[in-house]
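Asker: sequence and predicted structure are below.
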Amino acid sequence: MKKKITSVAACLIFCCFFVLCGKLFRYILIDDTASYTRVMFHEMYAQDNIDILFVGSSHCYRTFIPEIFDNSLNGKNTFNAGTSSQNLDGSLMVIREASKYNDIEHIYLEMFYEVAFSKYKERTEMTGTYIVSDYLKPSLDKIGYLLEASGSDHYINSFMIARRNWQKFFDADYVKNLIIKKQSDDYKNYGYGYITHENEWYEGKGYVANQEMVKEWNFFSPNGWNEINLARISDDWKKSLKDIIDFCDEKEIALTLISAPMSDFQLAGVGNYDDYVELVKDMIADTDVAYYDFNLCKKEYFPSDSELFKDTGHVNCYGAKAVSDLLSDLINGKISEKDLFYQSFKEKMRNLEPTVFGISYHDTQKEDGEAVRECKIVSTGHSDLEYQIILKPENGGEYIRQDFSNNNYFLITPDDHGICSLAFRLSGLPDQVWTLDISY
Amino acid sequence: MLFNSIAFLVFFPAVTAAFLMIPKRMRHLWLLIASYYFYMGWNPKYAVLIAFSTIITFISGILIERADIKEKKSLVVAVSLFSNLAILAVFKYADFALETLDFITGHLGVGGGINRRLDLLLPVGISFYTFQALSYTIDVYRGTIPAEKSFLRYALFVSFFPQLVAGPIERSGNLLNQIQKIETIRRWDFERIRDGLLLMFWGLFQKLVIADRASILVNQVYGNCQSYGFIELAAASILFAFQIYCDFGGYSNIARGAAQVMGFSLMHNFRQPYLSAGIKDFWRRWHISLTSWFTDYLYIPLGGNRKGKIFKYFNILIVFTVSGLWHGASWHFVVWGTIHALYQIAGDIKSGIERKAGRNRMRQLSFSRKLGKVIVTFILVDLAWIVFAADSLSHAYQIYRQMFHTFQVAGIYEIGLDRGNWFILNFGIMVLMAVDIIHEKGKSVFLFVNRQTIWFRWTLYLGLVWGVILFGIYGVGYDAGQFIYFQF
């Protein structure tokens, strides 16, 4: 009997040391000193009670400012648990975890369309998952989340965190510098002061502020090239959305879906954004769940312009304030949904003056293997818009690529750089021409 | 199911825990179900082949025992041998035979060739379990063992999952005997389980830390042999020797460890092969279960060394050529076997001359002579491994030619492994050789470890486990290496 007890004790001690070694290796190999999420989850666990919770991707943590809701909603405590590339399975996990420790009244689930394509078992990129899982407390829910979040090839990295960066084991400088960084008071106290980006800071309760502004509202960007292929939206994503709805229903938590605003350039480039909105609306048709899409905001409430955005997809701190104010007004009934939003993105575009937002591009190869850059002029989509394209390469010269025509596609080579001088007009109004210079 | 897969990480503890906890009379059935499930992880359909081989050899055993005259016994053995070898022939050698026939008819200008292939997927482990089943039939025929009367016990003997797909090829005298006494295995034996797990982790260390890391460089250099010269190809060849040893030896250790955790003892398959002082010695240490199988069931029945030198050499040639063919249905394996046969014959002639000259005994104890022999043996074995590792004979020729004609040198970190990986690989090989040298001196590393203080032992266990987890080559970004011997 004594021998049995000794052997069981030996096994238990071994397991303890095994876990301790895991923690030690994680400490010296995994650099999370610049992680907002580490700080955010620490703060989340430290809250007395969270009444209103925001979850979602980077669009979430860059857009919804808890302080504004705390002030406008009479003593409610709001927390933003958005994380970079958070998929809906991650959102569900965060919701489950938060609801274990809090009596949540209302959840706002951010619905960035690009996360809808992920097939969980076929994932090759796990950063979005690990950003969530690495800082959650150990639980069966967490194990289940990690098992479902990928194929078995990833399990070792999911559960043995140090393994992800084993190559650094022999990099003495890396290990030494990491230990020094982790020994700082800010790191130990879950502060964020020691990480200084020029224009970005962690403001607290999950919100990350950024004061950069888009320099020119005439983009040359690969964003917005592809249509949203509804056929590629994964069943996993749909199931996760249903699971979140069911979970909230079971726990009697109000749920609202919400889309943070992106630039008109990105959504006009995509072209069929309304199809995605319709799909989401169909999925919640038989539920009490509301859907607020700030991409459909009327211009008088939220003008799409460079002062409110940090890039094509995210608002800056001024945009965030504007959106948060509008949402709190909406919640408080100071403004109605009908007044605030258009019915569709197309309707929004129709109500804008005809204009061009920029050029979206996509690098590909011709059949003979030659590299080409396909370019698409992104505009409000008025059918009678005509474009004239003049290219001014940086090595000199100037030539007309296309005289006025409603064709909005053209090709260049990826190595070509210069200024694209774009003139556009409505057909039948040859005298009213607008021009736009776009660097490519 | 691979030993180095997540599935096995769940399967093995679950099967073992249930095996040790269920009523003892259920143990045969449980392990049999688990073994078939394990095998069906590759291709469920091919479980039928094991079942077929099991049924044929089981019935043969009973019929042989019941037969009253030798002719009847011989007939049953012949049917059993034919049935099992027919499975091997169809699934493993049919396409090879057709290709060879096409090649010959094409060169002789006779007919248009067959130009058809069966393209059957090679059933994993087929060469191992058919040989194990055949050894049982022959042993019963020889009267070495009685026929097994329980089909359940016999089926478990053929399909016992730790050694099912890559050996060791067990004899009925060992494994079947233990299966018959399965109910006597203690449910909880801490030392047994701990030592079994230690052996498994040592096997995983060999496989994941050494073999799969070496394979990165070997595949890079052999796959592009025209781009490299002597230094790189020699480095790849030396590393291939360690790759295949750690791959197969690692598998054997995991198999033995897994069996030990459950209370079974499997035979050793390797005994410090790269410390051999001659090719004959090498084959006493390398893939022992196969070598002893060929000795008992082919070499000795052919006459062994009882009919004079010429016949002895002829028998060696046959045994090693067949052994080469056993390893794979391709001419480069046959040539590899033949090279080893020629090594052995040359070694035997040399020993004979030395014996006559009376030089042998004097130098037997000299360390430098032993070291010289070990080095020469390693070089000979390694040169033959090139033929084994190549995709074909022409590829092997290309490697030899590049190796001895080109002396360009690429940077050491430009052939697949960076500084960290080189360090781990060299460290792993040093540990491996240190363990082998200790074993060679007649001491057991495991016994040595068990005699140390609890802190030392458990620190070592922890180091081994974390060594495998951190530095193993597996998971995302790596092609989780199959065990090389699975293809045989």
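Answerer: Sure, I can see it. Numbering: from 1, shown residues only, chains lettered A, B, ... in the order given.

Asker: which non-adjacent residue is nearest A:Glu110?
Answerer: A:Gly56 (2.4 Å; CB to CB, 6 or more residues apart in numbering or on different chains). All C-beta spots, glycine's among them, are computed from the backbone N, C-alpha and C.

Asker: next, count neighbours for that neighbour.
Answerer: 29 (other CB atoms under 10 Å in any protein chain shown).

Asker: B:Ile473 too?
Answerer: B:Ile473 sits with 23 neighbouring residues when counted by other CB under 10 Å.

Asker: ditto for A:Thr83
Answerer: A:Thr83: 28 surrounding residues under other CB under 10 Å.

Asker: these two touch, right, it and A:Ile131?
Answerer: Yes: between A:Thr83 and A:Ile131 there is a contact under CB atoms under 8 Å: 4.8 Å.

Asker: what touches both of these two?
Answerer: Both A:Thr83 and A:Ile131 are in contact with A:Thr37, A:Gly90, where contact means CB atoms under 8 Å, 6 or more residues apart in numbering or on different chains.

Asker: one step back: so what's the residue nearest to A:Glu110 up against?
Answerer: By CB under 8 Å, 6+ apart, the neighbours of A:Gly56 are A:Gly82, A:Gln86, A:Ser91, A:Tyr108, A:Leu109, A:Glu110, A:Met111, A:Phe112, A:Ile258, A:Ala260.

Asker: switch to 10 Å and redo it
Answerer: Taking CB atoms under 10 Å, 6 or more residues apart in numbering or on different chains as the contact definition, A:Gly56 lies against A:63-64, A:80-83, A:86-88, A:90-91, A:94, A:108-112, A:115, A:257-260.

Asker: ditto for B:His332
Answerer: B:324, B:386-397.

Asker: same thing but 6 Å
Answerer: When the contact criterion is CB atoms under 6 Å, 6 or more residues apart in numbering or on different chains, the partners of B:His332 are B:Val387, B:Ala390, B:Ser392, B:Leu393, B:Ala396.

Asker: run a quick neighbour tally on the nearest residue to the last one once chain neighbours are set aside.
Answerer: Taking CB to CB, 6+ apart, and ignoring the residues beside it in sequence, B:Ala396 has B:Ala390 as its nearest neighbour in space, at 3.7 Å. Burial measure for B:Ala390: 21 neighbouring residues, criterion other CB under 10 Å.

Asker: B:Ala390 touches B:Gln398, doesn't it?
Answerer: No: counting by CB atoms under 6 Å, B:Gln398 is not a contact partner of B:Ala390; they are 7.9 Å apart.

Asker: following the helix or strand hosting A:Val39, which helix or strand shows up next?
Answerer: Per DSSP states H and E, A:Val39 falls inside helix A:36-46. Next along the chain after helix A:36-46, taking DSSP H and E as the criterion, comes strand A:52-55.

Asker: and after that following strand, which helix or strand comes next?
Answerer: Using DSSP H and E, the next helix or strand after strand A:52-55 towards the C-terminus is helix A:58-61.

Asker: and the lengthiest helix in chain B, what does it pack against?
Answerer: The longest helix of chain B (DSSP state H) is helix B:230-262. Contact here means 3 or more CB pairs under 6 Å, 6 or more residues apart in numbering or on different chains; DSSP states H and E; on that basis helix B:230-262 packs against helix B:6-21, helix B:190-204, helix B:212-223, helix B:367-389, helix B:393-405.
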